[in-house]
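Peer 1: attaching a predicted model along with its sequence, questions to come.
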Amino acid sequence: MVLQYFPFLYRINYAESRYRKLYKQKRKAISDPDKDKLEDLLLIQFQRSGIYVPQNILTYSFSPALDEIDPNLIMRYCSFINPEVIFHFPVINGLDMQVMATDVDTEFRLNEFNIEEPVNGMITDPAQIDLVIVPLLAFDGRGNRVGFGKGYYDRFLKKCGPDCITAGLSYFEPLQIINDLDEYDVPLDHVLTPHQCYSFT
């Protein structure tokens, strides 16, 4: 019965699993001062990318425990370019990911994955999101990404409007190709690295 309704929980993608393990190790090996420098360079790439700064942006609360890229520099830049910008953050609800609009008064708390999420905002219709800043571990030359294996973003992105732009952030340059993709995987429009902005549309 569970397999019938949630087959994505039981798919074993050995290529993704191998990349996931490798890139977790690679990220953990980066020192904090080097991360700061790489995130400065990522901001420069975002500024050079030509990605439009819209009103509704889905971003994320980075987890230091996961050695994630901190998107705050890019968020501050977006606020400077577009003072009307509204940042939305993921809220995990069982097997589903919803997003919540935030402002300066929004409270955050740690969820079951030890990641901060908003608690007192309004749930946003996915069709209202204009730009998604997507966390990832690795990506390839076609815009396919390796995440943390839960599938939350892939399922959410399928609900977004056709004009929604996706931009991943990576410390590392792309793999040549990620094999064994399936119906749940959604390729990205752009991926920013410290040295280049890759566009796939």
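Peer 2: Sure, I can see it. Since the structure is predicted, the reported quantities are computational estimates derived from the model, not experimental observations. Numbering: from 1, shown residues only.

Peer 1: any regions of the chain where pLDDT drops low?
Peer 2: Within the chain, the segments meeting pLDDT under 70 span 1-16, 180-183.

Peer 1: strands of that one, start to end?
Peer 2: Assigned by DSSP state E, the strands in the chain fall at 56-58, 86-93, 96-101, 108-110, 116-118, 131-135, 138-139, 145-146, 165-169, 190-192, 197-199.

Peer 1: any chance of those strands in a markdown table with distance to Tyr184 and mean neighbour count as columns?
Peer 2: (Glycine included, C-beta is placed from N, CA and C.) Output for these, formatted as a markdown table (distance: least, CB to CB, whole Å; neighbours: other CB atoms under 10 Å):
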| stretch | distance to Tyr184 | mean neighbour count |
| --- | --- | --- |
| strand 56-58 | 18 | 24 |
| strand 86-93 | 17 | 19 |
| strand 96-101 | 13 | 19 |
| strand 108-110 | 27 | 12 |
| strand 116-118 | 22 | 20 |
| strand 131-135 | 15 | 24 |
| strand 138-139 | 16 | 26 |
| strand 145-146 | 12 | 24 |
| strand 165-169 | 15 | 23 |
| strand 190-192 | 19 | 25 |
| strand 197-199 | 22 | 18 |
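
Peer 1: for those, which one sits closest to Asp32?
Peer 2: strand 165-169 (17.1 Å; CB to CB).

Peer 1: give me the helices and strands touching the closest one, please.
Peer 2: Contacts defined by 3 or more CB pairs under 8 Å, 6 or more residues apart in numbering; DSSP states H and E place strand 165-169 against helix 32-49, strand 131-135, strand 190-192.

Peer 1: quick revisit: turn the strands of the chain into a markdown table, including distance to Phe80.
Peer 2: Below are the strands of the chain laid out as a markdown table (distance: least, CB to CB, whole Å):
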| stretch | distance to Phe80 |
| --- | --- |
| strand 56-58 | 13 |
| strand 86-93 | 13 |
| strand 96-101 | 20 |
| strand 108-110 | 22 |
| strand 116-118 | 22 |
| strand 131-135 | 15 |
| strand 138-139 | 27 |
| strand 145-146 | 28 |
| strand 165-169 | 17 |
| strand 190-192 | 18 |
| strand 197-199 | 19 |
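
Peer 1: wait, which of those strands is closest to Ile177?
Peer 2: The nearest among the strands of the chain, by CB to CB, is strand 138-139 at 10.5 Å.

Peer 1: contacts made by stretch 29-37 with the rest, please.
Peer 2: For stretch 29-37, the surrounding residues in contact (CB atoms under 8 Å, 6 or more residues apart in numbering) are Leu38, Asp67, Ile69, Asp70, Tyr171.

Peer 1: how about a cut-off of 7 Å?
Peer 2: Contact with stretch 29-37 is made by Tyr171, as judged by CB atoms under 7 Å, 6 or more residues apart in numbering.
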